[in-house]
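Novice: Sequence plus the predicted model coming up.
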Amino acid sequence: MWPRIGGLRSLALGTPGELRTRLNTLVLAGVKTATAGLTSEYAEEGEELEYAGERLALVDDGDALVGVVEVTGVEVVRFADVPWDFARSEGEGDRSIEEWREGHAAYWARVGTPVTDDSEIVCIRFRLVSAGDGGIATGDLGT
């Protein structure tokens, strides 16, 4: 299972280090409003898919809370069928769906989970609900 913070499932983007820091910065700036995962990751962790309205705790490398996002939509599609409007909403600077596919295929291969055109991708759209400088130590995670 994924860690919980204040009852919320955590959202740990990318891999620890420079990548996670960059992705979190994009979320906190309102540029990144989506993320993609593999259905196989959910199965391995015994996790259910996110759902519209669910709030997630955005965490840093130390699993400290840096923000809260609310899921606005979830769709499972084949890797080859991820739409450009979704890829663009990930806010990572890809200039085409082909560039997005190349980058994501390379990422998943690096972390030991190569994908094919038929791999099932969880496309999660979200909006930033709250954020704090240097993480959020206290407060109501539901607001």
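Specialist: Received the coordinates, thanks.
Novice: Quickly list what residue 57 is bridged to.
Specialist: The residues listed as beta-bridge partners of residue 57 by DSSP bridges are residue 10, residue 68.
Novice: list the contacts for the residue most central in space within the chain?
Specialist: When C-alpha atoms, centre = their mean is applied to the chain, the residue found nearest the centroid is residue 35 (3.7 Å). Applying C-beta atoms under 8 Å, 6 or more residues apart in numbering to residue 35 gives the contacts 11, 13, 23, 90, 124, 126. Heads up, the C-betas are built off the backbone N, CA and C, glycines and all.
Novice: how close does it sit to residue 20?
Specialist: Distance, residue 35 to residue 20, by C-beta to C-beta, to the nearest Å: 12 Å.
Novice: list the residues that contact both of these two?
Specialist: Common neighbours of residue 35 and residue 20 (C-beta under 8 Å, 6+ apart) are residue 13.
Novice: Doesn't the residue nearest to the centre of the chain lie inside a strand?
Specialist: Yes - counting by DSSP: H, G, I helix; E, B strand; the rest coil, residue 35 is found in a strand.
Novice: roughly how far apart are it and residue 83?
Specialist: According to C-beta to C-beta, residue 35 and residue 83 sit 15 Å apart.
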